[in-house]
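Participant: Sequence unavailable; structure follows:
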Ligand SMILES: Nc1ncnc2c1ncn2[C@@H]1O[C@H](COP(=O)(O)OP(=O)(O)OP(=O)(O)O)[C@@H](O)[C@H]1O
Ligand SMILES: [Mg+2]
């Protein structure tokens, strides 16, 4: 009950904020249609009363007109009300979707490693988009049927008060069953959320341009379609199972209710046959019991719908409240840093049974370019994740200019880092918005970032230059893989934060682009620490410090010459790559 009241107050508050005029209009039209219905009843009653006196048509005409006007007003008010309520529902959906997006944006990045976060996000979307307006409209419906109930009770109170408590209990079995059914439905929805997400993921794969290529070349249409079908039928089996249980229970409850209504009618009949009730009072009693049973049924259905929506809305409320409880201090970007130190840092991903990074001690300084190398899965991107505040160390500390960052909000470190991620995003906005999505960067900075990332030449070939739309799905330009990476690099450069981190920035770039990256890193290092990850030793050798990672630990640190003279892992990897470019003796002699 308390949860339902909370749901109603928060829904009303939300609607008041989002669309108060629509809400007021719907309430007004509801009242108007009730008044019009009453006018119709009164006018029709009057006409019927007069007809007994055999009047002329002109004499009953006002009543006919009154009844017709009532019907017309009721129909018009209901039609407009239904349209407006759709608008109110859409408006509410816009508000809750935005709130869910904001809440998801506040969640720490580590939440994205947790499947329950995705479940919560999906349930919040559904709860917010479908149930706010339902809570409000069910409450209106409940209010209407309660008024109807009260009016009928007032009539019966005069005639046969005894049947009121009996008739009122008619809905009791249904109320108990509806509450249990609602809870089962809500539990099932949570149980199905992971499958719903799998279905949404398959939908996304089929609509994804990059995957469309693989789907065609690998002939995945049928197998993926089958997978889709399997999940759907698994889902439907569970839904049918619940529907069967719900229907069985509801039928049993309905039968019980019918027995109770029958008992109330029996009371009226018994009182009439015993002479306690006159025939006229008995007919009012029978009609009253029927109307009371109908009104309790309606009130019951509305309250069940309200209870159901309140359960679903609670998922939305909880998600928003969880996010709101997280302190976000985005304003505190650190303007500059000269050294960042990892002091015996270890880190393990949630759900993993081994450390992704172990006992990392390292200092990154302004004025220097630091390169991180190592095989796939060595922990390079994880190190970057910790460096830019996406993750916190499980052990050890990360110090910015000697200050332990453990006490800082992680958003501070995040906002103080310009990062080109290995899995960078492809933002299909205009070029300008793709480089500076926040829209806070002036055109000169934008152009400089594009030029330094080496994507300016291509931008200049596009008809609308920086205002050119990207992405074929929006009738925009499509970029090559390397051009997309350069654009993402421009985005990180335009951010101009205290630290610059580039995770495999040259992975998709041509030789010239890779060369420019080395120069860029050098220039940037003059004003901020620069870290980059690369598998290309031609670039790595230029770095001031090279960190070699293996299975989450640092095995070697130093500049190129030092590491070569160590003749360890770095030297082996370097020689391996270099040998691929050198002519083998027999090939040389053949040439
Ligand atoms: N979000 C995650 N949750 C759990 N484990 C993860 C996660 N991300 C990475 N890992 C695991 O952590 C280890 C280090 O991954 P990381 O991405 O840091 O490797 P990397 O050195 O960047 O490799 P690559 O050269 O392929 O980019 C790997 O074993 C990987 O499977
Ligand atoms: Mg990586």
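Facilitator: It's in. What you see is a predicted model; the values in this text were computed from it and never measured. Ligands and ions are numbered 1, 2, ... in the order given.

Participant: List, one by one, the residues from this structure near ligand 2.
Facilitator: Listed as neighbours of ligand 2 in the chain under the rule Cβ under 5 Å from the ion: 380, 381, 422. (Each C-beta comes from the backbone N, C-alpha and C, glycine too.)

Participant: residues from this structure in reach of ligand 1?
Facilitator: Within the chain, the positions near ligand 1 by Cβ under 6 Å from any ligand atom are 113, 349, 352, 356, 374, 376-382, 422.

Participant: try it again with 5 Å
Facilitator: With Cβ under 5 Å from any ligand atom as the criterion, the chain meets ligand 1 at residues 113, 349, 356, 376, 377, 378, 379, 380, 381, 382.

Participant: so who does the residue of the stretch 351-500 of the chain at minimum distance from ligand 2 touch?
Facilitator: In the stretch 351-500 of the chain, the residue that lies nearest ligand 2 is residue 381 (3.1 Å; Cβ to the ion). When the contact criterion is Cβ atoms under 8 Å, 6 or more residues apart in numbering, the partners of residue 381 are 421, 422, 503, 533.

Participant: Buried subset of these as a ChimeraX selection?
Facilitator: Selection of buried members from these for ChimeraX, criterion 16 or more other Cβ atoms under 10 Å:
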select :421,503,533
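
Participant: from the residues of the chain next to ligand 1, which ones fall inside helices?
Facilitator: In helices, defined here by DSSP state H, the members of the residues of the chain next to ligand 1 are 380, 381, 382.

Participant: The last one contacts residue 357, correct?
Facilitator: Yes. In this structure, residue 382 is within contact of residue 357 by Cβ atoms under 8 Å, at 5.5 Å.

Participant: Comparing those two, which shows the higher neighbour count?
Facilitator: More neighbours surround residue 357 than the other of residue 382 and residue 357, with 28 against 21 (other Cβ atoms under 10 Å).

Participant: I'd like to know how far that one sits from residue 551.
Facilitator: Here residue 357 is placed at a distance of 10 Å from residue 551 (Cβ to Cβ, to the nearest Å).

Participant: intersection of neighbour lists for these two?
Facilitator: Residues within reach of residue 357 and of residue 551 at once, by Cβ under 8 Å, 6+ apart, are residue 379.

Participant: any shared contact partners between residue 382 and residue 357?
Facilitator: In contact with both residue 382 and residue 357: 347, 552, using Cβ under 8 Å, 6+ apart.

Participant: Touching, residue 285 and residue 276? I think so.
Facilitator: No. With contacts counted by Cβ under 8 Å, residue 285 stays clear of residue 276, the gap being 10.9 Å.

Participant: Now for the contacts of residue 381: which two are most distant?
Facilitator: 421 and 533 (10.3 Å; Cβ to Cβ).

Participant: coming back round to it: so can I have CSV of the ones in helices among the residues of the chain next to ligand 1 showing pLDDT?
Facilitator: Converted to CSV, these look like this (pLDDT from 0 to 100):
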residue, pLDDT
380, 97
381, 97
382, 98
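
Participant: quick one: which of those is nearest to residue 571?
Facilitator: Ranked by distance to residue 571 (Cβ to Cβ), those are led by residue 380 at 18.8 Å.

Participant: quick one, what contacts that closest one?
Facilitator: Residue 380 neighbours (Cβ under 8 Å, 6+ apart): 372, 373, 374, 503, 533, 549.

Participant: can you rerun that using 6 Å?
Facilitator: Counting by Cβ atoms under 6 Å, 6 or more residues apart in numbering, residue 380 touches 372, 374, 533, 549.

Participant: ok so, going back, which of the residues of the chain next to ligand 1 count as buried?
Facilitator: 349, 356, 378, 379, 380, 381, 382.

Participant: okay if I get those residues as JSON lines plus distance to residue 76?
Facilitator: Shown next, in JSON lines, are those (distance: Cβ to Cβ, whole Å):
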{"residue": "349", "distance to residue 76": "61"}
{"residue": "356", "distance to residue 76": "66"}
{"residue": "378", "distance to residue 76": "71"}
{"residue": "379", "distance to residue 76": "69"}
{"residue": "380", "distance to residue 76": "68"}
{"residue": "381", "distance to residue 76": "63"}
{"residue": "382", "distance to residue 76": "65"}
